[in-house]
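Trainee: This is a predicted model, with the sequence first.
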Amino acid sequence: MNDEEQQALAKAQARYRKQVKSWTDAGISDAIASRNGRALLWWLLQISGVYSNPFRDNALRTAFNSGELNIGLQLQARIMEVNPDEFLAMMKENDNDHRTLTGQSGNDDDSDTDSGNAG
């Protein structure tokens with residue numbers, strides 16, 4: 001392959017990568033715009049171990065978990081790149097859903113310091 005053909009191939013590959021990025025970004029935007037799409041994205045982040053420690057007693061298990069984590073972190077970075085505001089909303093939405101479905105209150109502090117009752 002001569003230089004001209006290599007340059008043409010490199011340009012075609014760059015156009016392809018740019019188009020795939022555009023399609024992927026649009027897919028993430030579409031997904032994060034809907035309740036079901038946000039649930040799917042959150043599930044993918046959870047199963048990839050983004051919010052857990054990949055290290056285990058077994059080196060092979062740690063390596064496997066780290067591979068999953070890598071995918072999850074790439075997805076999270078892409079979501080943050082495409083729409084950081086919706087990512088934060090998705091996190092709050094998931095936290096609220098978790099609290100509602102598990103019967104937990106929104107207040108982690110069980111003290112009555114704000115009740116106005118003087119001892």
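Mentor: Yep, that arrived.
Trainee: And the lengthiest helix in the chain, how far out from the chain middle?
Mentor: Secondary structure of the chain per DSSP state H: the longest helix is helix 3-32. Remark: helix 3-32 is offset 22 Å from the chain centroid, using Cα atoms, centre = their mean, to the nearest Å.
Trainee: Buried residues in the helix or strand just after that helix, which are they?
Mentor: Following helix 3-32 in sequence order, the next helix or strand is helix 35-47 (DSSP states H and E). Of the residues in helix 35-47, Gly37, Arg38, Leu41, Trp42, Leu44, Leu45 count as buried by neighbour count, 16 or more other Cβ atoms under 10 Å. For the C-beta atoms, the positions are set from N, CA and C on the backbone; glycine is no exception.
Trainee: that older thread, tell me the average confidence for the longest helix of the chain?
Mentor: The average pLDDT within helix 3-32 is 96.
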